[in-house]
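K.L.:
Could you work out the structure for the sequence below:
(2 chains)
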Amino acid sequence: MLNLITRRLFFALLALFATSVIVFAATEVLPGDVAQAILGQEATPELLKSLRQELGLNRSPVERYFSWLGGFVTGDLGHSLASKADVLQTIKPRLANTLALAAYAAIVAVPLSVLLGIICAAYPNRLIDRIFSVVSVFIVSIPEFVVGLLLVSVFAVQLRWFPAVVVRLNWSEPLSLLVQLMLPMLTLLCTIVAHTVRMTRAALLDVLSMPYIEMALLKGMSRWRIILRHGLPNAIGPIASVVALNLGYLVSGVALVEVVFAYPGLGRLMVDSISYRDLPLIQATAMIMCLMFIIFNLIADILAVLFKPRGASVR
Amino acid sequence: MTKPLLEVRRLTIEAFQPETGWRKVVHDVSFDVFPGEVVALIGESGGGKTTIGLTALGYVRPGMRLAGGKVLFNGENILSFSQERLRLFRGASVAYVAQSASAALNPSITIGNQISEGIVQHGLMSAADAKRRTLELLKALSLPDPPHLAMRYPQETSGGQQQRVMTAMSLSCGPRLLVLDEPTTALDVTTQMQVLKTIKDALKEFDASAIYVSHDLAVVSQIATRILVLRNGRIVEAGDTFDVLERPSHEYTRALRAAVRKLPHVEDLPQQRTVARSEPSVSVKNVRATYDNPSIFRRGPAPADVLHGVSLDVYPGEVLAVVGESGSGKSTLARVIAGLHSAREGKVLFRGQAVSSRASRRSKECLKSVQIVFQSPEQALNPRATVAQAIGRPLAFYFGMSRSDRRRRVEELLEMVGIPPEYADKYPKEMSGGERQRVAIARALAAEPSVIICDEFLSALDTIVAAQIVDLMKSLRDRLGTAYIFISHDLATVADIADRVAVMQHGRVVELAAIGEVFGARRHQYTAELIRSVPEMRLGWLESALSGVAGT
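P.N.:
Residues are numbered from 1 along each chain as shown, chains lettered A, B, ... in the order given. Below is the predicted model:
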């Protein structure tokens, strides 16, 4: 049991390490001459030389990787090339914004999608279930930025209910913040609700085919009591792990949504730093997003282990 | 004349099969259940017994539909009840006891709450009164320490206790009729005898009638007042228990009767091991094994050893039976030998060579020499693999056979286990339980093992099919010289097939000797109890056997 969790933890660390190698290789090794890549074709030889000096490019890639990794582990993420600001200080408020948006979306999406999943499972293949199947497939097939733009054109441009862009978060007034973040939140909602509903429905239907459910029916229990009291507690494990996986996606997959709404979050910071070729910032944002994703995956795995049906292997 | 409690009239039910569409599985069945009666529905698996029993609760399983007939309870047709009326009817007027209590009890609700919720949901009592009533019921079904038991989860109790708990649950709302679906089939003989007696007493005490679904004529003869013999969804014979047992008129009833296995006379059993004492195929030396707690949420004491230093040898060409009640460690022993469970201490030797405790670390040769056939072929065969694929896999893995060689060998193996070669392209779900188990045996034989472990592999089959498979095993042993470790709680079959018997109790081998010696001398008290528990097909056996137990 604990053994299993330590093993998961070990694999999570391994994944993180592998991610760091990939991020580093993709940004500092693959471009060949990094200084040239950053400064572009028109760079003067003097500028190139000084940048190479600054980045320590004369050292071997392995050496540079470990000093970069060492800095990352100790919280020294370096300085932005564009603004010279400390990367950690640049990232902090952006990360907070992203987490706020993701948390908002999660608080609405998780109860909503679990509820919808339960309803679909309660009436499998009936009208409500079919309608939702079709709608969810439709929503899943539209890319986030299209959903975002559609929402903007309807609710911001036509109806003028919510702002179309979020340039600065108004933390002092939480209520207006909720209104301010409504459209990005709804866009994110569309991306995770469909998947969570489908998985909740499947997990619950799986449990509802068990003999003890038939028993509950033959004991004269009502439909909702069977679903909520006899079925749901046994489906919590798979549902919890699907939710955790989707939260990981929320945090790491917001880049597109943030760009659409000009939202000052981590995702947009990453996109911006890519366009400025701001290497330390790209590396740091990539690593933090991967870290988030790995953490939520880890939580999903651990939940799945913890909620394994009691007595599954008691003999 | 009293009025019948339940009247089933011209009941016809159809089941949907993808290949054939709707097909009749219950044909025009009519019978009555009078107050105080226990009516047994008996017949082979797939004969429609459970399907008929469930209609007494106004329930037809998904994939089936009512095609005609009526089921009247106190004169009212329950098949025309509204959903809400049915809900109130189920549990309160007619209650169900399922075949496998371990599957039919909810693993995440405590025993007490599972029993009392019915009473509360039917609006019969307040929660506090229902709780009191629950404890009374648990006590009435001779369960130990009811207040403590009520707080536990079903999987923390033994199979026999689970079955009693479910019976208590069915009685909770004071139903007039119980539908008992093979309630003792999954239990070992000693437990079966006690549970059977408890059910019988409870029916009397709570003044309930019953429909008792079973395939075991010996068990049914202890509890039923009337017997209906079903075959292919039709009643082929009906009558009082005594008449059906003593003067069966239909040939199928006679076949069922003949298939009830009796313990042979001790004099007829081999007193000495007949096989030569060569090097053992498999040796187990002083094995101890334990199971971890599966979840940190599980309360209770630290896990105790399931095996306490077990040692035994299996010689080439012999059948070594391992008997004992459930929980005695029989299956764990099998899993240790097969490398599916690691022993905490001790060794497993194949032909004198110590092997790894994990199958994944054993050599191919080593894996090949021991094969296992499980209790349930439904779970052991991949539903998406055809018979040829299932049997072909060990052929490719162990012998590297080409596709055409494999096909030829698969057909040979199928013929060996008595299955037509054209079954090679069928999927498990297209076959009966007995056929599937034969396929599982063929798959084990494909590896040409020196030992086959059979873990309760007959207990899911009805008596006639089981008898055929025992004959198959005997002929395979004689032809191929394969050794068997035959794990079972069915002593009559053991007496029929085994050369030696190891009797296990609480994780120890308490007796190990030639079959005649063990059954004849009955040196160990537990062995004697096991032997006495084998059901006999005569009225009053249950009571006399139990008084025998009380006497010792």
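
K.L.:
does any part of stretch A:116-124 sit near chain B?
P.N.:
No: Stretch A:116-124 is not in contact with chain B by CB under 8 Å from any CB of the partner chain; minimum separation 10.4 Å. All C-beta spots, glycine's among them, are computed from the backbone N, C-alpha and C.

K.L.:
buried residues in that stretch?
P.N.:
The neighbour-count check on stretch A:116-124 (16 or more other CB atoms under 10 Å in any protein chain shown) flags A:116, A:117, A:118, A:119, A:120, A:121, A:122 as buried.

K.L.:
and if you look at stretch B:410-418?
P.N.:
B:410, B:411, B:413, B:414, B:416, B:417, B:418.

K.L.:
For the stretch 1-150 of chain B, which segments count as helices?
P.N.:
Using DSSP state H, counting those that start in this stretch, the helices of the stretch 1-150 of chain B run over residues B:49-55, B:83-89, B:101-104, B:111-121, B:127-140, B:146-150.

K.L.:
Residues in contact with the shortest one: which ones?
P.N.:
Counting by CB atoms under 8 Å, 6 or more residues apart in numbering or on different chains, helix B:101-104 makes contact with A:210-212, A:214-215, B:98, B:154-155, B:159, B:162-163, B:165-166, B:186, all of which sit outside it.

K.L.:
Could you single out the nearest of those to residue A:193?
P.N.:
residue A:210 (26.8 Å; CB to CB).

K.L.:
Show the pLDDT at the closest one.
P.N.:
The model reports residue A:210 with a pLDDT of 89.

K.L.:
Neighbours of it, how many?
P.N.:
18 (other CB atoms under 10 Å in any protein chain shown).

K.L.:
Just read off the phi/psi values of the spatially closest residue to residue A:166 that is not a sequence neighbour.
P.N.:
Leaving aside its sequence neighbours, residue A:166 sits nearest to residue A:263 (CB to CB, 6 or more residues apart in numbering or on different chains; 4.9 Å). Residue A:263 adopts backbone torsions of phi -80, psi 130, taken as degrees, to the nearest 10.

K.L.:
burial count for residue A:263?
P.N.:
Counted with other CB under 10 Å, residue A:263 comes out at 24.

K.L.:
now swap in residue B:203 and tell me
P.N.:
Under the criterion other CB under 10 Å, the count of neighbours that residue B:203 has is 21.

K.L.:
and it, how far is that from chain A?
P.N.:
For residue B:203, the distance to chain A equals 18 Å [CB to the nearest CB, to the nearest Å].

K.L.:
quick one on the thing from earlier: as CSV, the buried residues of stretch A:116-124 with pLDDT and distance to residue B:220 would be great.
P.N.:
Formatted as CSV, those follow (pLDDT from 0 to 100; distance: CB to CB, whole Å):
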residue, pLDDT, distance to residue B:220
A:116, 92, 49
A:117, 92, 45
A:118, 93, 43
A:119, 92, 45
A:120, 92, 44
A:121, 92, 39
A:122, 91, 39
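
K.L.:
Can you point out the buried residues in the helix or strand harbouring residue A:68?
P.N.:
Assigned by DSSP states H and E, residue A:68 belongs to helix A:61-73. Neighbour counts over helix A:61-73 (16+ other CB under 10 Å) mark A:64, A:65, A:68, A:72 as buried.

K.L.:
Can you show me the helices along the stretch 301-450 of chain B?
P.N.:
Using DSSP H, counting those that start in this stretch, helices in the stretch 301-450 of chain B cover B:330-338, B:364-369, B:377-380, B:387-399, B:403-416, B:433-446.

K.L.:
what about the first one and chain A, touching?
P.N.:
Yes: for a cut-off given as CB under 8 Å from any CB, helix B:330-338 has contacts with chain A, namely B:331, B:332.

K.L.:
Give the rounded mean pLDDT of that helix.
P.N.:
88.

K.L.:
Check which helices and strands that helix sits against.
P.N.:
strand B:282-290, strand B:305-314, strand B:319-323, strand B:370-373, strand B:451-455, strand B:483-488 (3 or more CB pairs under 8 Å, 6 or more residues apart in numbering or on different chains; DSSP states H and E).

K.L.:
Of all the ones you listed, which one comes closest to residue B:67?
P.N.:
Short answer: strand B:370-373, nearest of these by CB to CB, at 37.9 Å.

K.L.:
May I have the strands that pair with that closest one, each with its orientation?
P.N.:
Strand B:370-373 has the following sheet partners, assigned by DSSP bridges: strand B:451-455 (parallel).

K.L.:
Work out the gap between the strand it pairs with and the centre of the chain.
P.N.:
17 Å (CA atoms, centre = their mean, to the nearest Å).

K.L.:
contacts for it?
P.N.:
Taking CB under 8 Å, 6+ apart as the rule, strand B:451-455 contacts B:281-282, B:314, B:330-331, B:334, B:337-338, B:369-375, B:441, B:444-445, B:473, B:482-488.

K.L.:
secondary structure class for the residue in chain B positioned nearest to chain A?
P.N.:
Minimum separation of chain B from chain A (CB to the nearest CB) falls at residue B:155, amounting to 2.9 Å. Following DSSP: H, G, I helix; E, B strand; the rest coil, residue B:155 is assigned to helix.

K.L.:
looking at it, it is touching residue B:106, isn't it?
P.N.:
No: here residue B:155 does not reach residue B:106: they are 10.0 Å apart, not a contact under CB atoms under 8 Å.

K.L.:
one step back: return the member of the buried residues of stretch A:116-124 nearest to residue B:396.
P.N.:
Relative to residue B:396, the closest of the buried residues of stretch A:116-124 is residue A:121; by CB to CB it sits at 40.7 Å.

K.L.:
Name the nearest residue to the closest one, sequence neighbours excluded.
P.N.:
Per CB to CB, 6+ apart, closest to residue A:121 is residue A:204, 3.9 Å.
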